[in-house]
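Undergrad: I would like the atomic coordinates for the input below:
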Amino acid sequence: MTHDGGWILTAAQQRWLDEASVLAGTPAERLMESAGTHAADWILSHLHPNSAILLAGPGGNGGDAFVVARRLQRAGVTVRTFARRGMDLCSQLTRTMADRLTDLGETIDVLGMDLHLLDEAMERVDCVIDGLFGSGLSRPLIGEDEYIIELLNGKSVPIISLDLPSGLPSDSGKVLGPAVRADVTLAMGFYKPSHCFYPAAEYCSDVYIVGVDYPQETVSRVSPTARVHDSDTIAPMLPFREPAGHKGTFGHILAVVGSQGMTGAAILYARGALRAGAGLVTLALPETIAPVVQAAVPEAITVPLPDDDGRLVDPAVLERLRPAMERADVLAIGPGLSRDPGTMETVRRIIEAFPGKLVIDADAIHAFIGHTDLLVESAGRAVLTPHPGEFGALIGSSARDVDENRLAHVEDFVSRHALILVLKGRPTVIGLPDGQMVVNPTGNTGLATGGSGDVLTGLMAGLIAGGSSLPDAAITAPYIHGLAAERWASRYSERSLMPSDLLDELPCILKELES
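TA: Numbers count the residues shown, from 1 in each chain. Have a look, this model is predicted:
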């Protein structure tokens with residue numbers, strides 16, 4: 001889980017930043033000193049260890065570890081330092097940091113095949129700080145390195161990894177082979193993709209950003225891969241509530257939702273929209289199910305529509321909808337509609353006829369399989385919210401491929417269609433037409449149940465109706481939705497979460513963000 005707002009950089013982007021900073025006049029030594037110092041400060045202020053083991057590799061990650069060791073030692077922590085290689089095999093900068101540590105009288109033991117010294121030392125310390133391998137790793141760890149990883153993972157002592165848990169690659173969620181399972185990962189300056197994408201993110205556990213003293217003008221020249229938001233950046237995106245406002249002020253949503261057997265989708269959607277503060281919610285439903293939904297959500301207006309066995313396939317649907325469409329600011333369409341071919345044709349006709357803002361979800365997304373060219377007509381006014389299976393079907397791929405390449409697929413689709421895409425899952429990825437990519441840090445497996453997406457769609461539509469821009473709503477709704485799942489899980493079990501439980505968490509979360 002990521003805890004701080006920040007940017008995501010690839011290993012290549014991080015290297016460019018390091019090199020550009022040196023060219024701009026900041027010595028590499030100063031960068032390493034600042035990274036190690038900020039990491040040590042975090043460890044001292046959050047963990048308060050009396051003793052620690054430092055594991056240092058031969059590259060820059062090892063240099064950071066030697067700085068941490070020195071800073072902890074100066075703060076009174078009993079430190080035992082192990083190097084993966086002899087100093088003659090380390091980079092020049094890493095050797096410099098090792099020399100500064102030994103100048104204080106500290107001994108650096110070199111790890112070989114015999115790991116008994118490390119094994120014994122780990123029985124008597126408060127934490128282990130992993131600085132063996134960083135973002136440059138691109139191969140599976142084998143041999144002695146694998147044995148070290150197995151030893152670390154077999155102990156109960158807390159592990160703090162510097163930048164990345166050793167064994168993980170930087171730029172994807174893949175796990176190449178043996179890797180440290182950290183309790184805390186301290187990201188140096190910026191997140192890396194593996195901090196956020198699974199299964200690698202599971203090895204990172206709790207991720208916090210620690211500062212590096214990069215020159216600000218150099219940082220401003222980086223084009224990050226994506227952004228991660230936190231509560232401090234989410235709160236200003238919420239729409240302002242006009243003190244003298246009325247139901248018309250806070251927007252009118254028309255939702256085309258539900259079918260026979262899927263009344264729950266309509267109910268969950270409507271409650272999500274109302275919890276988000278929408279002024280008016282009109283539910284356009286098959287007339288067969290309208291009485292059930294009206295009884296469950298008396299706060300909503302209902303427009304019964306002619307149906308065939310609970311499905312919207314009647315050509316008269318569009319004409320019946322026109323008066324409501326003329327009054328609505330936002331059209332949300334999809335939850336629980338069914339994928340009947342006639343319904344899919346009706347969905348396309350409704351979207352084509354509505355001139356306002358759109359939230360297209362669930363079954364409505366299936367209406368555009370083989371018709372993605374029609375989505376271009378909604379450019380600049382639509383948000384699509386598919387899960388990996390729906391998105392895979394839309395682009396002619398598999399859900400697995402979508403999951404393994406979330407950023408790339410979202411970025412490609414958005415660039416070609418000029419729509420906002422919210423790819424649900426863990427993590428949810430949001431692509432904006434201006435090229436900005438956002439990775440949502442909140443959520444848990446409690447959301448992996450039917451109906452949670454309907455709450456998200458309602459929440460997003462409600463924020464848009466209340467005045468949020470489409471990009472802001474696309475970012476804030478998944479954040480709040482995921483945070484609701486986390487709040488529930490903090491008191492109960494993730495597996496016990498029902499979509500309706502999310503609705504009960506929303507009022508407190510919104511109050512906190514508003515204050």
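Undergrad: S34 reaches G189, doesn't it?
TA: No - distance between S34 and G189: 9.2 Å, which falls outside the contact criterion (CB atoms under 8 Å). Using the backbone N, CA and C atoms, a C-beta is placed for each residue, glycine as well.
Undergrad: shared neighbours of the two, anything?
TA: G211, V212 (CB atoms under 8 Å, 6 or more residues apart in numbering).
Undergrad: quick check: mean pLDDT across stretch 184-194?
TA: For stretch 184-194, the mean per-residue pLDDT is 97.
Undergrad: Now that stretch: buried residues?
TA: Neighbour counts over stretch 184-194 (16 or more other CB atoms under 10 Å) mark V184, T185, L186, A187, M188, G189, F190, Y191, K192, P193, S194 as buried.
Undergrad: Just list whatever residues bridge to the first one.
TA: This points to V184. Counting by DSSP bridges, V184 forms beta bridges with I160, D206.
Undergrad: do the fifth one as well
TA: Applying DSSP bridges to M188 gives these bridge partners: V210.
Undergrad: That one is in contact with T37, isn't it?
TA: No - counting by CB under 8 Å, M188 sits too far from T37 to count as a contact (11.5 Å).
Undergrad: neighbours around the residue nearest to L423 when sequence neighbours are not counted, how many?
TA: Of all residues beyond its chain neighbours, the one nearest L423 is V429 (4.7 Å), with distances taken as CB to CB, 6 or more residues apart in numbering. Residues contacting V429 under the criterion other CB atoms under 10 Å number 24.
Undergrad: How much space separates V429 from L375?
TA: The gap separating V429 from L375 is 18 Å, by CB to CB, to the nearest Å.
Undergrad: now T449
TA: From T449 to L375 the distance is 28 Å (CB to CB).
Undergrad: Settle it for me: which of these two has more neighbours?
TA: Neighbours per residue (other CB under 10 Å) separate T449 from L375, with L375 holding more: 21 against 12.
Undergrad: show me what contacts the closest residue to that one other than its chain neighbours?
TA: Distances taken as CB to CB, 6+ apart place H417 nearest to L375, at 5.1 Å, with adjacent residues excluded. H417 makes contacts with T372, L375, V376, A379, as judged by CB under 8 Å, 6+ apart.
Undergrad: Which residues outside the helix or strand in which Q14 is found are in contact with it?
TA: Per DSSP states H and E, Q14 falls inside helix 11-23. The contact list for helix 11-23, computed with CB under 8 Å, 6+ apart, reads 9, 28, 31, 135-136, 170-171, 189-190, 192, 214-215, 218-219, 221-225.
Undergrad: Of those, just the buried ones, ChimeraX syntax please.
TA: Per 16+ other CB under 10 Å, the buried members of these correspond to this ChimeraX selection:
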select :9,28,31,135,170,171,189,190,192,214,215,218,219,222,224,225
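Undergrad: Just the contacts of helix 11-23: which are in helices?
TA: Counting by DSSP state H, those place A28, L31, T218, V219 in helices.
Undergrad: measure L312 to L186 for me?
TA: L312 is 53 Å from L186, by CB to CB.
Undergrad: Also G63?
TA: Distance of G63 to L186, computed by CB to CB: 15 Å.
Undergrad: what ranges of this protein fall below the confidence cut-off?
TA: 113 (pLDDT under 70).
Undergrad: so what are the domain limits for it?
TA: As given by automatic domain parsing, the domain ranges for the chain are 6-228, 250-514.
Undergrad: The stretch 151-300 of the chain: strands as residue ranges?
TA: 159-162, 184-188, 206-210, 226-228, 252-256, 280-286 (DSSP state E, counting those that start in this stretch).
Undergrad: Which elements pack onto the first one?
TA: Strand 159-162 sits against helix 60-74, strand 127-131, strand 184-188, with contacts defined as 3 or more CB pairs under 8 Å, 6 or more residues apart in numbering; DSSP states H and E.
Undergrad: F413 - nearest residue in space that isn't next to it in sequence?
TA: Leaving aside its sequence neighbours, F413 sits nearest to L421 (CB to CB, 6+ apart; 5.7 Å).
Undergrad: For that neighbour, which three-state class applies?
TA: strand (DSSP: H, G, I helix; E, B strand; the rest coil).
Undergrad: so what's it up against?
TA: With CB under 8 Å, 6+ apart, L421 has these contacts: V383, L384, P386, F391, V410, F413, V414, I430, G431.
Undergrad: and what of L44?
TA: Residues in contact with L44 (CB under 8 Å, 6+ apart) are R71, L72, A75, V77.
Undergrad: Kindly report the same for Y269.
TA: Counting by CB under 8 Å, 6+ apart, Y269 has contacts A255, V257, A332, P335, G336, D454, V455, T457, G458, A461.
Undergrad: what's the spacing between it and S138?
TA: To S138, Y269 is 45 Å away according to CB to CB.
Undergrad: Over to P341?
TA: 48 Å.
Undergrad: ok, now T385?
TA: Distance from T385 to S138, by CB to CB: 34 Å.
Undergrad: the more surrounded of these two?
TA: Taking other CB under 10 Å, T385 and S138 do not tie; T385 has more neighbours (30 against 10).
Undergrad: follow-up on the earlier one: please compute how far the helix holding Q14 lies from its chain's middle.
TA: 25 Å (CA atoms, centre = their mean, to the nearest Å).
Undergrad: ok, now stretch 467-476?
TA: Stretch 467-476 has its C-alpha centroid displaced from the chain centroid by 16 Å (CA atoms, centre = their mean).
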